[in-house]
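Participant: can you look at this prediction? I've put the sequence above it.
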Amino acid sequence: IHVKGTSKSAQLKVMLQLTSRKDILIDQTVLGPELFRCTDFQVPPPYDGSEEVARVQVTIEDPETRTLIVDSKEVLLKRVVNRALILTDKPSYKPGDTVKIQIAIFDRKFLPSTAKVLLLDIQDPNSRHIAQWRDQIPQQGILSLSFNLSPLAALGSYIINVEDTRTTTSFLVEQNVLQKFEVLILS
C-alpha cells in the first residue's frame, strides 16, 4: 500500500469481502504525508471448493481535508494444495499379503509438509473402500502405513487416493499360479 499526499493523519482501512464474510485486514491511522507498506495476511480458504473470487476494498479517509477515497479490486483466492508421492513396497501382491505404503507430502515450494492429511483411502477393483485413514500427520513429510489384504481379496487393480493432494496411484493383486511344465529326460 502506498499512500501519498495526506495531511497530518488519515484513516486507512483494507477489507477483504468474501462470499461468506468480510474481514478487515488493516485498520490504522496513517501519520505523515506518505506511507509505503507491504503486509502479509492470512485469508480463509475458499468458501465452496478450490477457488473463490473475492474483493479487496481500500478506504482512505482524511478528516482534515474531508476527503474519502475508496477503491476495490477483484482477486482470485485458491486453496493451497499440497502434493504427494505415493509408493508401495511392491507393484503387485497376493491375497493375504501386507501392503506397505509410504507417502511423501510436499508443499507448494516442494518442501516436506507436516500438514494433516485429512483422508487417505484404498479402493478395490469393484470401487469398494477397503481401508481408510483420517487426520494423519506426516513425520518430516512422510506417512508410513500398512494394511493386510484379505485372503479372499478381489483380484485386479487397487487404487490408493490421498484426497487432500488429489493424488492417486495403484497396485495389483494377482493370484500367482505356478506354471506347469513337463521335463523329459532322453537317454
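Facilitator: Ah, there it is.
Participant: from now on I want contacts and neighbour counts done on CA atoms only, so please keep to that.
Facilitator: Fine.
Participant: quick one: residue 157 and residue 127 touch, right?
Facilitator: No - Residue 157 lies out of contact with residue 127 (CA atoms under 8 Å); the separation is 10.0 Å.
Participant: between those two, which one's more packed in?
Facilitator: residue 157 (17 against 11; other CA atoms under 10 Å).
Participant: next SSE after the strand or helix carrying the more buried one?
Facilitator: Assigned by DSSP states H and E, residue 157 belongs to strand 156-162. Counting by DSSP H and E, the element after strand 156-162 in chain order, helix or strand, is strand 167-173.
Participant: relative to strand 156-162, how tilted is that next one?
Facilitator: Between strand 167-173 and strand 156-162, the angle comes out at 150 degrees (axes from the mean of the first three to the mean of the last three CA atoms, to 10 degrees).
Participant: run me through the strand neighbours of strand 167-173, direction for each.
Facilitator: If you go by DSSP bridges, strand 167-173 pairs up with strand 92-93 (parallel), strand 156-162 (antiparallel).
Participant: tabulate those strands (CSV), appending distance to residue 144 and mean pLDDT.
Facilitator: Shown next, in CSV, are the strands paired with strand 167-173 (distance: least, CA to CA, whole Å; pLDDT from 0 to 100):
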stretch, distance to residue 144, mean pLDDT
strand 92-93, 18, 93
strand 156-162, 13, 96
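Participant: those strands: which one's closest to residue 143?
Facilitator: Across those, residue 143 has its closest neighbour in strand 156-162 (11.1 Å, CA to CA).
Participant: give me the distance between that closest one and the centre of its chain.
Facilitator: 19 Å (CA atoms, centre = their mean, to the nearest Å).
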